[in-house]
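Peer 1: below are the sequence and a predicted model for it; my questions follow.
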Number of protein chains: 2
Amino acid sequence: MKLALLGCGTVGSEVVRQLHDQSRELAARVGERIELAGVAVRRLDRDRGDLPVDPGLFTTNAHELVTRDDIDIVVEVVGGTDPAREWILAALRAGKSVVTANKVLMATDGAALHRAATRNGAQLYYEAAVAGAIPLLRPLRESLHGDVITSVMGIVNGTTNYVLSRMTETGAGFAEALAEAGELGYAEADPTADIEGFDAASKAAILASLAFHTQVSVDDVYREGITDVTAGDVASAAEIGCVVKPLCIATRDGDKVSARVHAAMIPKSHPLAGVNGAYNAVFVEAQLAGRLMFYGAGAGGAPTASAILGDLVTVARMRRTGRDGGNESGSGPAEVLPMGETQTRYHLSLDVTDEPGVLAQVATVFARNDVSMRTVRQSGRGNEAILVAVTHIARDAQLARTVRELEDLPSVRRVDSVMRVEGES
Amino acid sequence: MKLALLGCGTVGSEVVRQLHDQSRELAARVGERIELAGVAVRRLDRDRGDLPVDPGLFTTNAHELVTRDDIDIVVEVVGGTDPAREWILAALRAGKSVVTANKVLMATDGAALHRAATRNGAQLYYEAAVAGAIPLLRPLRESLHGDVITSVMGIVNGTTNYVLSRMTETGAGFAEALAEAGELGYAEADPTADIEGFDAASKAAILASLAFHTQVSVDDVYREGITDVTAGDVASAAEIGCVVKPLCIATRDGDKVSARVHAAMIPKSHPLAGVNGAYNAVFVEAQLAGRLMFYGAGAGGAPTASAILGDLVTVARMRRTGRDGGNESGSGPAEVLPMGETQTRYHLSLDVTDEPGVLAQVATVFARNDVSMRTVRQSGRGNEAILVAVTHIARDAQLARTVRELEDLPSVRRVDSVMRVEGES
């Protein structure tokens, strides 16, 4: 299975690296090895560090690469409408399947590209175009297609979400928060596409098209930037129990659809209200499913590469077997660890006698079992005391043995409670 | 495309209803009509109210139905291992594709069923088996397959989440909270499968198998119920900034995997901490994608039917076209509403002169434009005042016109802020 890559920036480099490092796993998923057969770049002489790729694969002639007979799949991460459109159309017309992260192109020319794919028996996938790593487009397109989606409301632009989150947290004005975002790398040198809502408008067009099984172009999307949002707006929102969020909203009412991008107040209790910083989330309402939310990293090289590689495995499997998914592939046996070998933390509450030396005895039991205590707190209650301990990570068997030995200590009257602690990083 | 339905309880009836009500939409997605050709039930004489189905389609002979020549697809919503296993195997061996919601069967015999499907060129889908309406299994199986999932942590049982949520909210003990769950319909008459973790263990086995591309059986899953969780545990959790949640956890470390079900403390800041009541959510960590979360309704007739119908459209399309998804199908034109026609709410902050009659003038402008005010609040500041209004839902054009007319009022010195309010129900 031969792959042509168009573009080798942050995302493209990550794709190259993963094709190399995960070569065996990807081959297990697809059923054969995916071979990088060419990389189109603007400049051949750029230093690409230790990127694991044969320098002979680089070319500046993208058109020739995508139409080469041996190429099966084209991954496009150049972005923008031109010349990406021409390359993708050339690839599709030559029967190659295409995976792209190009939201602008999909939002303006999605219909024409889909037609070209269908006519030539090729596949066109673009999960990475909206909300980075979050599996969102395929669930809309292939999981919820038996339901009727009535609305999609999302935070799909990290820059504006970061700026408005900071305005909410610090009371800063727009300009100050944007400057901070720029310093920290959350905003581009020219942030126009983000803060004026162009980026989110492309994504709104794609989401509305998929959710409502129609064609909504970026020109159909109403768009307001966040540049006029003031510290006063943020304060007003707080007064009515809301926060200001940069939203893209697509709704359907019968055969009428609408798509828009603007900042809005949403109640603090809404699941999107807690989505801060560079995270993305999309809230979907459907007639049968009710309310759903998808949450995750919206941008960045690795998350975007995750979405691209997922699509790549899909189209590669389709080319190989004529179908996607279906039954499990590349399922291998794995060793299932017994619970005793599992790593976890414990919270323990002990009813102990209130006398000197109890903590030393308890600590000795922990140490003997090689379990490290993260916090310990003892509070007296007359002639007895409660000792609460939270451990660091250890094997479950060590923790269980520690509990048994604590129960045997004369100074421990009772182990009141033992519970695992999860979800801490 | 002919469908056999096994089981006609809450979920089965909802599937029947949707096949009838959504017949046109489903045909547009698949490319042909899906016809309900038989329904296997235990008793023919049960009153099924106004269910839109020809009574002649009911049969008590499920085996005969699933092997009938004209049947293309079998939907199984009977549940349990026997006799569902025999029926599904018979259907797959006869080359029929199968959609099932049967978590117990998939967790015990998933490997054998997948083999039968593959051998006979049939498809086997079971999105409804875990986390109801949430598109979760297909994203794991078909979106994240280019990434390496390292852990899956989920709240996948509504009963135990309801019970622990109530214990957290009210300080009640386990027995009291369970009794309340029973009264409100959140717990079965015999709640053993839920509170002892059997239900979650089946789901953990399915999630671990899909996430790690291996076969984890329910017997491999470590399981603890929530019956021993006390009000004291819940209080202890709060003291360290945590809440107690019923978790299913599957982790992978190289070729070693583990799967377990138990209550645990998680930090209040963790995305799963806010998932309350009957909602489900699954938190996934992957090497490239980072942290992802999927959230939605975990049970109920309509949400489960959403997942089943999604799978049904998928297998029907596969039977028809030889492939799923790929390019858009059944895309129809829709009317895109201009922003002025969009329904929304406004939050307005006006700088007004502090004199009698201002509110009446402002209210008159709203009324003239047929915009209803939900709240209005005026606060004096010397000889001026701030008037804050939040409207009910109206068309954006009405709201915009209202703002323009307010700006022209002599008593309005300035419109300080206008912002839409979204996400309220």
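Peer 2: Okay, I see it. Numbering: from 1, shown residues only, chains lettered A, B, ... in the order given.
Peer 1: residue ranges of the strands in the stretch 301-425 of chain A, please?
Peer 2: A:335-336, A:343-353, A:373-381, A:384-391, A:394-395, A:412-421 (DSSP state E, counting those that start in this stretch).
Peer 1: quick check: buried residues in the last one?
Peer 2: For strand A:412-421, the neighbour count (16 or more other C-beta atoms under 10 Å in any protein chain shown) marks A:V412, A:V415, A:D416, A:S417, A:V418, A:M419, A:R420, A:V421 as buried. In short, each C-beta sits where N, CA and C put it, glycine included.
Peer 1: just the closest residue of the stretch 251-400 of chain A to chain B, please.
Peer 2: Proximity of the stretch 251-400 of chain A to chain B (C-beta to the nearest C-beta) peaks at A:L309, 2.7 Å away.
Peer 1: that older thread, minimum distance to A:F174: which of the strands of the stretch 301-425 of chain A has it?
Peer 2: A:F174 lies closest to strand A:412-421 among the strands of the stretch 301-425 of chain A, at 40.2 Å (C-beta to C-beta).
Peer 1: quick one: strands adjacent to the closest one?
Peer 2: strand A:343-353 (antiparallel), strand B:256-267 (parallel) (DSSP bridges).
Peer 1: just give me the neighbour total for A:G301.
Peer 2: 18 (other C-beta atoms under 10 Å in any protein chain shown).
Peer 1: same check, this time on A:G80
Peer 2: With other C-beta under 10 Å as criterion, A:G80 counts 10.
Peer 1: wait, it touches A:A101, no?
Peer 2: No - between A:G80 and A:A101 there is no contact under C-beta atoms under 8 Å: 11.4 Å.
Peer 1: give me the pLDDT for the closest residue to A:N120 other than its chain neighbours.
Peer 2: Closest residue to A:N120 apart from its sequence neighbours, by C-beta to C-beta, 6 or more residues apart in numbering or on different chains: A:G95 at 5.1 Å. Looking at A:G95, its pLDDT reads 96.
Peer 1: wait, A:A128 sits on A:A307?
Peer 2: Yes - counting by C-beta under 8 Å, A:A128 touches A:A307, with 3.7 Å between them.
Peer 1: which neighbours do the two have in common?
Peer 2: Common neighbours of A:A128 and A:A307, counting by C-beta atoms under 8 Å, 6 or more residues apart in numbering or on different chains, are A:A101.
Peer 1: neighbour count: the two, which is higher?
Peer 2: It is A:A307, of A:A128 and A:A307, that has more neighbours when counted by other C-beta under 10 Å, with 33 against 28.
Peer 1: the longest helix along chain A packs against which elements?
Peer 2: Ordering each helix of chain A by length in residues (DSSP state H) puts helix A:301-321 first. Applying 3 or more C-beta pairs under 8 Å, 6 or more residues apart in numbering or on different chains; DSSP states H and E, one finds that helix A:301-321 contacts helix A:10-21, helix A:23-30, strand A:73-76, strand A:97-100, strand A:124-125.
Peer 1: where among those is average confidence lowest?
Peer 2: helix A:23-30 (a mean of 93).
Peer 1: that helix near chain B at all?
Peer 2: Yes - against chain B, helix A:23-30 shows contacts by C-beta under 8 Å from any C-beta of the partner chain at A:E25, A:L26, A:A28, A:R29.
Peer 1: pretty sure the last one sits against B:G146.
Peer 2: In this case it means A:R29. Yes - assessed by C-beta under 8 Å, A:R29 is found in contact with B:G146 at 7.2 Å.
Peer 1: overlap in contacts, the two.
Peer 2: In contact with both A:R29 and B:G146: A:V313, using C-beta under 8 Å, 6+ apart.
Peer 1: the two: who's more crowded?
Peer 2: Neighbours per residue, other C-beta under 10 Å: of A:R29 and B:G146, the larger number sits with B:G146, 30 against 20.
Peer 1: look at A:S379 and report its pLDDT.
Peer 2: For A:S379, pLDDT reads 83.
Peer 1: show me where pLDDT drops low in chain A?
Peer 2: A:323-331, A:333, A:425 (pLDDT under 70).
Peer 1: any idea which residue of it is furthest from its center?
Peer 2: A:N383 (53.3 Å; C-alpha atoms, centre = their mean).
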